[in-house]
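Asker: heads up, no residue letters with this:
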Ligand code: GTQ
């Protein structure tokens with residue numbers, strides 16, 4: 001750590017004269033860089049975010065209590081926010097990312113709206129509910145990934161007999177930092193159906209895309225695919241684990257792709273899954289991305305900076321930028337993660353340090 005002081009040290013007389021200068025500058029909103037330079041331009045990332053872990057059942061208890069007290073329609077979104085202890089009052093799990101657990105009870109609808117924030121839903125519990133994106137429903141199963149990219153209409157409904165709970169991952173703090181937030185509600189609670197459920201996935205989810213001739217040429221949406229089922233990603237991850245050696249720093253890992261670009265699922269959020277074989281221990285890695293993880297299967301341990309957490313299914317942990325991180329699998333450990341890596345890559349800032 002650098003001291004917040006110019007070097008070589010100042011004489012007392014000089015310090016007193018400088019303080020007089022600052023006193024006159026302050027009312028004019030003028031400040032001396034040399035007093036703050038070392039805090040502004042640091043040798044390594046200095047984040048206010050800290051490592052943290054939430055146990056699913058703990059959060060679920062509060063969410064179900066909220067479910068007794070407020071309807072999805074009244075709340076618009078009935079969500080318990082996971083707030084980073086280092087970012088109090090910011091509704092942020094990292095300086096760039098938001099996380100919350102959303103509950104939709106049987107028979108409820110969370111009304112249709114759209115906003116400039118991009119969102120992903122990772123289904124933690126229940127099946128048979130849906131998110132409709134621009135009027136096409138994606139029916140959820142446990143551990144599916146569903147996207148609602150920015151400015152797409154979305155409503156959520158639960159026609160099943162069980163509560164549904166998912167992890168909401170959004171770029172709310174990033175869009176706030178850019179002062180680029182817009183949001184609006186649709187007059188109707190649910191968007192009128194535009195496509196039968198699953199039709200987008202059939203057209204874009206299998207390495208194919210629709211083709212038409214001449215003036216009929218179809219406009220491909222920026223993110224055509226918005227449903228990545230557990231059955232598919234887990235089969236791919238298992239196949240990868242059979243055919244490849246695990247990466248020493250992250251284990252077996254697969255990134256979710258936007259088929260339109262071959263890049264991250266959304267402009268501001270990257271998502272991937274990992275598999276660490278039983279007994280596998282990673283080496284230590286730091287990266288500038290900040291990440292939210294949830295455990296899908298198995299048990300183990302993670303060291304994040306100076307913290308160590310035991311892991312069991314559906315635990316959620318946050319890894320701040322540049323925190324040295326090491327994972328250990330006691331049994332086959334499967335993880336889902338979303339991160340701000342894609343933002344940093346676009347800005348040519350992304351870095352990793354692997355030991
Ligand atoms: O489902 O649209 O957790 O707009 C926060 C803001 C969920 C949503 C959140 C949102 C949503």
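Answerer: Yes, it's here. Nothing here was measured: the structure is a model prediction, and the numbers come from that model.
Asker: Report the separation between residue 190 and the ligand.
Answerer: Per CB to the nearest ligand atom, to the nearest Å, residue 190 is found 14 Å from the ligand. All C-beta atoms are positioned from the backbone trio N, CA, C, and that covers glycine.
Asker: Quick one: residues contacting that residue.
Answerer: Contacts for residue 190 were tallied using CB atoms under 8 Å, 6 or more residues apart in numbering; they are 109, 111, 112, 132, 155, 157.
Asker: Now do the SS call for the residue in the chain that the ligand sits nearest to.
Answerer: Distances between the chain and the ligand by CB to the nearest ligand atom are smallest at residue 168, namely 3.4 Å. What DSSP: H, G, I helix; E, B strand; the rest coil gives for residue 168 is strand.
Asker: What sits closest to it if chain neighbours are left out?
Answerer: Leaving aside its chain neighbours, residue 168 sits nearest to residue 100 (4.6 Å; criterion: CB to CB, 6 or more residues apart in numbering).
Asker: Could you do residue 335 as well?
Answerer: Closest residue to residue 335 apart from its sequence neighbours, by CB to CB, 6+ apart: residue 274 at 4.5 Å.
Asker: I'd assumed that neighbour was in a helix, is it?
Answerer: No. Residue 274: not assigned to a helix; according to three-state DSSP it is strand.
Asker: Measure how buried it is and give me the count.
Answerer: Neighbour count of residue 274, defined by other CB atoms under 10 Å: 22.
Asker: quick one: it and residue 332 touch, right?
Answerer: No. Using CB atoms under 8 Å, residue 274 is not in contact with residue 332; the gap is 11.1 Å.
Asker: ok, now which ones touch residue 250?
Answerer: Applying CB under 8 Å, 6+ apart, we find residue 250 in contact with 274, 282, 285.
Asker: Number of residues surrounding the closest residue to the second one other than its chain neighbours?
Answerer: Once flanking residues are discounted, residue 282 sits nearest to residue 327: 4.6 Å by CB to CB, 6+ apart. Residue crowding around residue 327 was assessed by other CB under 10 Å; the count is 24.
Asker: OK, contacts around residue 327?
Answerer: Contact analysis of residue 327 by CB under 8 Å, 6+ apart lists 251, 276, 281, 282, 300, 301, 302, 333, 335.
Asker: Weed out the non-buried ones from these.
Answerer: For the contacts of residue 327, a burial check counting by 16 or more other CB atoms under 10 Å picks out 251, 276, 282, 300, 302, 333, 335.
Asker: Please narrow the residues you listed to those residing in helices.
Answerer: Among the buried ones among the contacts of residue 327, none falls in helices (DSSP state H).
Asker: now, among those, which is nearest to residue 265?
Answerer: If you rank those by distance to residue 265 using CB to CB, residue 335 comes first, at 16.4 Å.
Asker: which parts of stretch 199-211 are buried?
Answerer: Per 16+ other CB under 10 Å, stretch 199-211 contains these buried residues: 200, 201, 203, 204, 205.
Asker: Now the last one: phi and psi?
Answerer: Backbone torsions of residue 205, given as degrees, to the nearest 10, read phi -90, psi 10.
Asker: same deal with the second one?
Answerer: Per-residue torsions, residue 201: phi -70, psi -40 (degrees, to the nearest 10).
Asker: Next: the one 3 residues further on.
Answerer: Comment: the main-chain dihedrals of residue 204 come out as phi -120, psi -10, following degrees, to the nearest 10.
Asker: repeat for residue 138
Answerer: phi -110, psi 110.
Asker: Tell me who's in contact with it.
Answerer: Taking CB under 8 Å, 6+ apart as the test, what residue 138 contacts is 130, 131, 132, 144, 146, 197, 198, 201, 226, 227.
Asker: thought the fourth one was touching residue 126?
Answerer: I take that to be residue 144. No. Residue 144 is beyond contact range of residue 126, at 11.0 Å (criterion: CB under 8 Å).
Asker: sorry, back to before: can you tell me which of the contacts of residue 327 is closest to residue 76?
Answerer: Of the contacts of residue 327, the one sitting nearest to residue 76 (CB to CB) turns out to be residue 335, at 30.5 Å.
Asker: what about residue 188, which helix or strand?
Answerer: Counting by DSSP states H and E, no helix or strand carries residue 188.
Asker: Give me the three-state assignment for the closest residue to it other than its chain neighbours.
Answerer: Leaving aside its chain neighbours, residue 188 sits nearest to residue 112 (6.5 Å; criterion: CB to CB, 6+ apart). Classification of residue 112 by three-state DSSP places it in strand.
Asker: Per-residue pLDDT of residue 5, please?
Answerer: We have a pLDDT of 58 for residue 5.
Asker: likewise the one 3 residues further on?
Answerer: At residue 8, the model reports a pLDDT of 85.
Asker: Distance-wise, check it relative to residue 22.
Answerer: Going from residue 8 to residue 22 by CB to CB, to the nearest Å gives 20 Å.
Asker: Neighbour count for these two, which is higher?
Answerer: The residue with more neighbours, out of residue 8 and residue 22, is residue 22; 13 against 6, by other CB under 10 Å.
Asker: Residue 32 is in contact with the more buried one, correct?
Answerer: Yes. Residue 22 is within contact range of residue 32, at 6.3 Å (criterion: CB under 8 Å).
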